[in-house]
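Enquirer: Provided below for reference: sequence and predicted model.
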Amino acid sequence: MNKADTSSGKRGKSLTETAYGILRERIITGDLPPGTEVSEPELAEQLSVSKTPVREALARLCVEGFMDAYPRRGYRVTPVTVKDMNDLFAVRGMLEGTAAALAARNLSNDELDALDQLADVSYVIGEDVSTKTFIDSNQEFHSAIARGSRNPRLYALVMSHLEECARLFYMGARVRDINPETNDDHHRIVAALRQRDADKSRDAIVEHNENTRQGILGALVASGQGWLTL
């Protein structure tokens, strides 16, 4: 392969990665809500690229479960089902519960102080910038506890489930104020971690996950947006 071919291949890959990153972010943040139908030409025009990188990005999003492909019709952002949500939070609760129990023994005082600061972050409902900051901080709060387990395999599993939950967090934050319950739950988790109590830390984060699941589920049903299906 000559230099021109190599350069062309790298450029094509870069355009695909860019298109993928933009589309994935739009889906997660709700700019492309569940059920939205799109086409390759439409997205190519929006992103100012050819259809090839868009097609490759969409194929990747289909594999990851963010998109469904319909021959000769285009693509649709996958809906969120009640079962998917329940299954995801069930697994996440088990993983994070174990991580919190281990973190109670391993987190340093500086790490605990950082968790307390993350627990204070809030947002203004309907304000995109503060919502993103809030959700990023929420993810860092949970990932910091997973890192504190000092178990890299467990950390990787927790992170994969946090990423899957990101779209749900955005959906929930857009339709209800989740500041009070999140702040209260997070501070309760940190308090248990400071006591170096593995059982209490596990219970606190499992309870928090269940509160989050119930809150998001109830808010999405009540919103009438049609983002949630059976």
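Expert: Good, I have the coordinates. Numbering: from 1, shown residues only.

Enquirer: ok, now which ones touch the residue positioned nearest the centre of the chain?
Expert: In the chain, the centroid-proximal residue (C-alpha atoms, centre = their mean) is Ala166; its distance is 1.7 Å. For Ala166, the contact set (C-beta atoms under 8 Å, 6 or more residues apart in numbering) comprises Ile28, Ile135, Gln139. All C-beta spots, glycine's among them, are computed from the backbone N, C-alpha and C.

Enquirer: contacting residues for the second one?
Expert: Neighbouring residues of Ile135 by C-beta under 8 Å, 6+ apart: Tyr123, Ala166, Phe169, Tyr170, Ala173.

Enquirer: list the buried residues in the helix or strand harbouring it.
Expert: Assigned by DSSP states H and E, Ile135 belongs to helix 128-148. Using 16 or more other C-beta atoms under 10 Å as the test for burial, helix 128-148 gives 131, 134-135, 137-148.

Enquirer: excluding chain neighbours, what is closest to Asn179?
Expert: Spatial nearest neighbour of Asn179, excluding adjacent residues (C-beta to C-beta, 6 or more residues apart in numbering): Ser122 at 4.6 Å.

Enquirer: ditto for Asn209
Expert: Excluding its sequence neighbours, the residue lying closest to Asn209 (C-beta to C-beta, 6+ apart) is Gly93, at 4.4 Å.

Enquirer: just confirm that neighbour is within a strand.
Expert: No - counting by DSSP: H, G, I helix; E, B strand; the rest coil, one finds Gly93 to be helix, located in no strand.

Enquirer: quick one: it and Glu207 touch, right?
Expert: No - using C-beta atoms under 8 Å, Gly93 makes no contact with Glu207, being 9.0 Å away.

Enquirer: and these two? Which one has more around it.
Expert: Counted by other C-beta atoms under 10 Å, Gly93 and Glu207 do not tie: Gly93 has more neighbours, with 20 against 15.

Enquirer: mind checking which of the contacts of Ile135 land in helices?
Expert: Ala166, Phe169, Tyr170, Ala173 (DSSP state H).

Enquirer: now pLDDT and distance to Gly35 too, for the residues you listed, in JSON lines please.
Expert: Output for those, formatted as JSON lines (pLDDT from 0 to 100; distance: C-beta to C-beta, whole Å):
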{"residue": "Ala166", "pLDDT": "91", "distance to Gly35": "18"}
{"residue": "Phe169", "pLDDT": "91", "distance to Gly35": "19"}
{"residue": "Tyr170", "pLDDT": "92", "distance to Gly35": "15"}
{"residue": "Ala173", "pLDDT": "90", "distance to Gly35": "19"}
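
Enquirer: now rank these by neighbours and give me the top one.
Expert: Ranked by neighbour count (other C-beta under 10 Å), these have Ala173 at the top, with 25 neighbours.

Enquirer: OK, contacts around it?
Expert: Contacts of Ala173 (C-beta under 8 Å, 6+ apart): Tyr123, Ile125, Thr131, Phe134, Ile135.

Enquirer: Ser149 too?
Expert: Ser149 sits in contact with Thr98, Ala99, Ala100, Leu102, Ala103, Asn106, Tyr155, where contact means C-beta under 8 Å, 6+ apart.
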